[in-house]
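[1] predicted coordinates and the sequence they were generated for:
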Amino acid sequence: MNIRERLDISAYLVIGPENCNRPVEEVIEAAVDEGFTCIQIRSKVVSAREMISILEKSARAINELGKSDSVALLVDDRLDVVLAAREAGIKVDGVHVGQSDIPVEVCRKFLGVNSIVGLSASTEEIISAVDISQIDYFGVGPLHATDTKTDTGEVLSFEKIAELVKVSPLPIVVGGGVKLKDIPALAATGANGFFVVSAVAGAENPRLAARELVTAWLK
């Protein structure tokens, strides 16, 4: 069974060097050790070579925990970085793209059938179901307005998320300003997972923050 077939988006961390005050791989190691199931490296400020270096260290941290076969390591937007990292022998499992990024069909063509392709999608896009054969999950949000990503759409209510879950042909992970207190209500919507950035990456104690989020989700 490949990583695509066992994809778990229940506890999903989006992280880049601009989000934390310590090495990215240290935060990832703590989060994965505490039960996070999917990692997305996202940065709009570092170079491609710096991204590849971050991926190498992150993949090593996941591997040292014995979780390379169960925790997916993805990259936001940068298909070129995924391909270059793989060429360097780094285990990167796929890409997450938005509506204005490289089309999912192109991502699938270059990454192959065993890779993961996630797509940020609005209500209408989920209902009209873009070519879902190319995609593994939808990322939706924001739940709250957030400083870490300002180009998001309308804030979603828990009721709207529950409606999306019912009509979506694919698993849904929800994020955008998600905090610990949101987790019980978010889990009750039937969403497949939550994603966070600052709630873990910007926490004073990332390990404790990750543990509390995962524990709340699993209750």
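    Sure, I can see it.
[2] right, and the helix or strand after the helix-or-strand element of the chain with minimal mean pLDDT?
    Every helix and strand in the chain was compared by mean pLDDT, DSSP states H and E; the lowest is helix 123-128, with a mean of 70. Sequence-wise, the next helix or strand downstream of helix 123-128 (DSSP states H and E) is strand 137-140.
[3] can I get the following helix or strand past that next one as PDB, trimmed to CA atoms?
    Using DSSP H and E, the helix or strand that follows strand 137-140 towards the C-terminus is helix 158-167. The C-alpha trace of helix 158-167 is given here as PDB (Å, rounded to 0.1, in the frame of the first residue of the first chain):
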ATOM      1  CA  PHE A 158     -19.600  25.100  11.100                       C
ATOM      2  CA  GLU A 159     -23.000  24.600   9.500                       C
ATOM      3  CA  LYS A 160     -21.600  25.400   6.100                       C
ATOM      4  CA  ILE A 161     -18.700  23.000   6.600                       C
ATOM      5  CA  ALA A 162     -21.200  20.200   7.500                       C
ATOM      6  CA  GLU A 163     -23.100  21.000   4.300                       C
ATOM      7  CA  LEU A 164     -19.800  20.700   2.300                       C
ATOM      8  CA  VAL A 165     -19.000  17.400   3.900                       C
ATOM      9  CA  LYS A 166     -22.300  16.000   2.700                       C
ATOM     10  CA  VAL A 167     -21.800  17.100  -0.900                       C
END
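[4] give the buried residues for the lengthiest helix in the chain.
    Longest helix in the chain by number of residues (criterion: DSSP state H): helix 48-64. For helix 48-64, a neighbour-count test (16 or more other C-beta atoms under 10 Å) marks 51-59, 61-62 as buried. C-beta: built from backbone N, CA, C; applies to glycine.
[5] ok, stretch 60-77 next?
    Here stretch 60-77 shows 61-62, 67-68, 71-77 as buried, counting by 16+ other C-beta under 10 Å.
[6] between the residues you listed, which is closest to F110?
    Closest approach between these and F110, by C-beta to C-beta: V75, at 12.6 Å.
[7] mind listing which of the buried residues of stretch 60-77 are in strands?
    The members of the buried residues of stretch 60-77 that map onto strands under DSSP state E are 72-76.
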